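Q: This is a predicted model, with the sequence first.
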Amino acid sequence: KQEVTQIPAALSVPEGENLVLNCSFTDSAIYNLQWFRQDPGKGLTSLLLIQSSQREQTSGRLNASLDKSSGRSTLYIAASQPGDSATYLCAVRNLDTGGFKTIFGAGTRLFVKA
Amino acid sequence: DVKVTQSSRYLVKRTGEKVFLECVQDMDHENMFWYRQDPGLGLRLIYFSYDVKMKEKGDIPEGYSVSREKKERFSLILESASTNQTSMYLCASSAPLHRDRGNQPQHFGDGTRLSIL
């Protein structure tokens, strides 16, 4: 059974710092891994998607990597800003369910201090 | 940009009522999903649909049903609302996954915060 773990559960950093959020998963038979951002009381906003055949994806100050063999992904945020404060979720879509079931991590709550 | 629209941001209903949550997407996606999100439990899949009139149970379908009469609309129904169904409900959609390409992201609506009194 696929399990997705995110470490740390919460993180507080000063503005301008570069940071890394970690995601690990137990079953490497995945279609893709997706990183989301969630603001309080809101839905999920897709940040980056990495297909199982890819190693990394970049969008602006965000870079996500995937090491499928070790079951790990990282989300790197460069030059953090107070507006980056949110909960970040990673999610994997499993091959054995035809991709219909997505397993989410519990999230990392990020606070960037001005 | 994909737009997934949930009909209500906040909803308050009474125990025993039949509750309808509506979700509409504008990208002609085959796949649609309903999740609930609770503190400490994360997101859990209630039901999903891979085509019109097709539906499959997710991990926690008890007390819920769904309807997909049109491709763009996926409705979640609480047959007889109970207080333990107070939660944030999230709808999502995606295009079909191709076996060799996992390049279809899920897109989410803004969520409906449902309170059952």
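A: Received it, and whenever you're ready, just let me know what you need.

Q: what's the burial count for residue A:51?
A: 18 (other Cβ atoms under 10 Å in any protein chain shown). All C-beta spots, glycine's among them, are computed from the backbone N, C-alpha and C.

Q: and if you look at the one 5 residues further on?
A: Burial of residue A:56 is recorded as 14 neighbouring residues (other Cβ under 10 Å).

Q: ditto for residue A:81
A: 12.

Q: Quick one: residues in contact with the lowest-mean-pLDDT helix or strand in chain A.
A: Across the helices and strands of chain A, the lowest-confidence element by mean pLDDT, DSSP states H and E is strand A:102-104, at a mean of 92. By Cβ atoms under 8 Å, 6 or more residues apart in numbering or on different chains, the surrounding residues in contact with strand A:102-104 are A:2-4, A:25, A:34, A:89-94, B:33, B:42-43, B:45, B:106.

Q: Buried ones only from those, please, as a PyMOL command.
A: A single PyMOL command selects the buried members of the contacts of strand A:102-104 (16 or more other Cβ atoms under 10 Å in any protein chain shown):
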select buried, (chain A and resi 2+4+25+34+89+90+91+92+93+94) or (chain B and resi 33+42+43+45+106)
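
Q: Give me the helices and strands touching the helix or strand harbouring residue A:90, please.
A: Residue A:90 is part of strand A:86-94, with elements assigned from DSSP states H and E. Secondary-structure packing of strand A:86-94 (3 or more Cβ pairs under 8 Å, 6 or more residues apart in numbering or on different chains; DSSP states H and E): strand A:4-7, strand A:19-25, strand A:30-38, strand A:72-77, strand A:102-104, strand A:108-113.

Q: buried stuff in the second one?
A: To tie it back to what came earlier, the one meant is strand A:19-25. For strand A:19-25, burial by neighbour count (16+ other Cβ under 10 Å) applies to A:19, A:21, A:23, A:24, A:25.

Q: circling back to that earlier point, for the contacts of strand A:102-104, which one is nearest residue A:44?
A: Ranked by distance to residue A:44 (Cβ to Cβ), the contacts of strand A:102-104 are led by residue A:89 at 6.6 Å.

Q: and the longest strand for chain B?
A: Ordering each strand of chain B by length in residues (DSSP state E) puts strand B:42-51 first.

Q: Can you give the strand pairings for that one, parallel or anti for each?
A: Here strand B:42-51 is paired, per DSSP bridges, with strand B:31-38 (antiparallel), strand B:54-57 (antiparallel).
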